[in-house]
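Engineer: got a sequence here, can you build the structure:
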Amino acid sequence: MINLSRTRAELLAEIEAPNLPGDPLSDLTDMRVASVDAHVRVCGRARDELFPLLKIALSERFAAVPRLQIIRDLLLPLRNILGNAYKHGNGCDPTKVISVEIVLTSKGALIAVTDEGSGFDVALTFRRFQGQESYFANHGVGFRNLHRAISMVSYENGGRTVLLCFRPTIQNHDRALNSYALPKVLSAEWIQKRLSAEVPEFCKDGTKIESYRVYPARGCADDDCGNRYVLRLADRNGRPAETRILTGRLHPTEAAAASDFEAATKLHIPRPVALLAGEPRLVLYDFDPWMNLCEFFTHHGRIKTLRRVATRVGLGLAKLHCSRVGLRGAELDFVGEELQTMVVRSENYLQTLACGRDLVNRFHVAAQRIESRPSFHRQRILSPIHGAVGWDCIHYGVDGRFYLYRFETCRWSDPGLDLGGFAADLLCFTLASYNEEAYRICLDAFLGEYNAEAAHPMDKNDLLPYIALALVERLRRAEASANADAGQLLAALDAVLTARPVFPRVRHLTETSCDAEQVTKKILTHAVR
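Structural biologist: Predicted structure coming up:
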């Protein structure tokens, strides 16, 4: 929230900032940034130079804070501020510097971002914003984005400095990060040695890993993508030093890691860097994700954005399904058996729910439509598929691109499984946030882009049973997750299996702490109407 009356001194008092002696730290990877009260100052030329490391360091510092709060109240405002400093403050001039000063305490953080521009009349601009006028010459939405956050935002230095005060609702008490013996995949020395010995790009042409830091995946702020490895690469040939950020997934088995690495090597989404000797369960990617697709839409949830990204995903899946990479599971009999097993498993699970025989029967009828598809019994239905598509494995990177992730179940199979997974999550999101029309608009955009590029187009009616399969799979997983919204999943499943789908807004159902049977009765009653 923007409050121009707040001063730096007042905001420092809010986080109980001490008078820290000495010069500020100049290295965000310094262990003190994660563990003690600290004062840091770093500089850069652009948002994309500064934000990736700031994101990692602040996420580690506030690992105990809920992830959605970190994104909404700290990372999104900070990214907007850095972008404004480069674009509007410094006029995209690469010779000008952006300075970021951070004070960290047990109560939160104060971040001051300063550009080298001429400043602007903050008070006048803010009055125009409050009056819903065109408040800035470039018609941007900077004030609107900053005012939306819970964190306090103010300005000083004639508008050249933005102050962002972040006070989390849950304090980060787990800050003794390196007080225990680290496994080798979290050992910077081990990673540095293996990369230098095994990966040519880190040792060719005089390149040397000058420094390294491992950020373990942990806490509420963890994005479930893996550990981060920050490398500082020095070049003996006089080129500027470079900071690289890798993401490493430690799989439960060597076979899963090998499958993930094999598929990603052939598909390059994202690009795998290494499967290191000494720990064959670890896969390293040239990839720095920020938000999964559900988190992205939570904060960028306009229909226009939703539709645009749906077309991107549709195009990406079409390219995946049209690729001819060699993967396991390419027998038609195997695919038919796989689908039949999924249907039986889903029906057996639905029988255990207090949702009435009607829902089970309708699911059975829908599932039979998969085998009635004209192309089902022909070999050409098989495609390389991701195998576990959902919004939790589509990630928005700090480079502004979307990536498919987690390829350990990648195989030759029915492409409807991928399409149904994406559409199931699209339905759940629009069910909670919008209406039937929003779902139809975005699904049409998704399928339209997919069908324009795919070798075997998918009709909306043919897609319905695959969506139902995906929703039942999510219901099964919801039993083990306290955060899953079983009521919303049941409502989405009922909508898919209804001849003329209805889209009840069920958010109020899940807020009343009624049991699963009561939720289901309300959903079915709504559907009958």
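Engineer: residue ranges of the strands in the stretch 351-500 of the chain, please?
Structural biologist: 383-385, 394-397, 402-404, 411-413 (DSSP state E, counting those that start in this stretch).
Engineer: what residues does the first one touch?
Structural biologist: Identification of contacts with strand 383-385 by Cβ atoms under 8 Å, 6 or more residues apart in numbering yields 267, 320-325, 327, 410-415, 417-418, 455-456. For every residue, glycine as well, the C-beta is placed using N, CA and C.
Engineer: what about 7 Å?
Structural biologist: Under the contact criterion Cβ atoms under 7 Å, 6 or more residues apart in numbering, strand 383-385 has outside partners 320-321, 323, 325, 327, 410-413, 415, 417-418.
Engineer: so which of the strands of the stretch 351-500 of the chain gets nearest D121?
Structural biologist: Closest approach to D121 among the strands of the stretch 351-500 of the chain (Cβ to Cβ): strand 394-397, 34.1 Å.
Engineer: so which elements touch that closest one?
Structural biologist: For strand 394-397, the contact count by 3 or more Cβ pairs under 7 Å, 6 or more residues apart in numbering; DSSP states H and E identifies strand 289-292, strand 402-404 as packing neighbours.
Engineer: distance between that strand and the chain's centre?
Structural biologist: Computed by Cα atoms, centre = their mean, to the nearest Å, the chain-centroid distance of strand 394-397 equals 5 Å.
Engineer: low-confidence ranges in the stretch 101-250 of the chain?
Structural biologist: Within the stretch 101-250 of the chain, the stretches with pLDDT under 70 are 133-141, 171-182, 205-206, 236-238.
Engineer: strands of that one, residue ranges please.
Structural biologist: Using DSSP E, counting those that start in this stretch, strands in the stretch 101-250 of the chain cover 108-114, 152-156, 161-166, 207-215, 227-235, 242-250.
Engineer: so can I have CSV of the ones you listed showing distance to N84 and mean neighbour count?
Structural biologist: Output for the strands of the stretch 101-250 of the chain, formatted as CSV (distance: least, Cβ to Cβ, whole Å; neighbours: other Cβ atoms under 10 Å):
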stretch, distance to N84, mean neighbour count
strand 108-114, 9, 23
strand 152-156, 11, 20
strand 161-166, 8, 24
strand 207-215, 27, 18
strand 227-235, 25, 19
strand 242-250, 23, 19
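Engineer: redo those strands as JSON lines? Include distance to D399.
Structural biologist: Shown next, in JSON lines, are the strands of the stretch 101-250 of the chain (distance: least, Cβ to Cβ, whole Å):
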{"stretch": "strand 108-114", "distance to D399": "20"}
{"stretch": "strand 152-156", "distance to D399": "26"}
{"stretch": "strand 161-166", "distance to D399": "23"}
{"stretch": "strand 207-215", "distance to D399": "18"}
{"stretch": "strand 227-235", "distance to D399": "15"}
{"stretch": "strand 242-250", "distance to D399": "11"}
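Engineer: could you list the low-pLDDT ranges of the stretch 401-529 of the chain?
Structural biologist: Residues of the stretch 401-529 of the chain that meet the criterion pLDDT under 70 lie in 479-484, 499-529.
Engineer: now the helices for it?
Structural biologist: Taking DSSP state H, counting those that start in this stretch to define them, one finds helices in the stretch 401-529 of the chain at 416-433, 436-453, 460-478, 486-497, 507-510, 516-528.
Engineer: save those helices as a markdown table, and put in distance to D235 too.
Structural biologist: Formatted as a markdown table, these follow (distance: least, Cβ to Cβ, whole Å):
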| stretch | distance to D235 |
| --- | --- |
| helix 416-433 | 41 |
| helix 436-453 | 40 |
| helix 460-478 | 46 |
| helix 486-497 | 51 |
| helix 507-510 | 54 |
| helix 516-528 | 60 |
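Engineer: okay, these in CSV with mean neighbour count next?
Structural biologist: Formatted as CSV, the helices of the stretch 401-529 of the chain follow (neighbours: other Cβ atoms under 10 Å):
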stretch, mean neighbour count
helix 416-433, 24
helix 436-453, 18
helix 460-478, 21
helix 486-497, 25
helix 507-510, 15
helix 516-528, 16
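Engineer: closest to L12 out of the ones you listed?
Structural biologist: helix 416-433 (37.6 Å).
Engineer: kindly format the C-alpha coordinates of the closest one as CSV.
Structural biologist: Written as CSV, here are the backbone C-alpha positions of helix 416-433 (Å, rounded to 0.1, in the frame of the first residue of the first chain):
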residue,chain,number,x,y,z
GLY,A,416,-5.5,-36.3,-24.3
LEU,A,417,-3.9,-37.0,-20.9
ASP,A,418,-1.8,-33.8,-21.2
LEU,A,419,-4.7,-31.7,-22.6
GLY,A,420,-7.1,-32.9,-19.9
GLY,A,421,-4.6,-32.1,-17.1
PHE,A,422,-4.3,-28.5,-18.2
ALA,A,423,-8.0,-28.1,-18.9
ALA,A,424,-8.9,-29.6,-15.5
ASP,A,425,-6.8,-26.9,-13.7
LEU,A,426,-8.2,-24.2,-16.0
LEU,A,427,-11.7,-25.3,-15.0
CYS,A,428,-11.0,-25.2,-11.3
PHE,A,429,-9.4,-21.8,-11.5
THR,A,430,-12.2,-20.2,-13.5
LEU,A,431,-14.8,-22.0,-11.4
ALA,A,432,-13.4,-20.2,-8.3
SER,A,433,-12.6,-16.9,-9.8
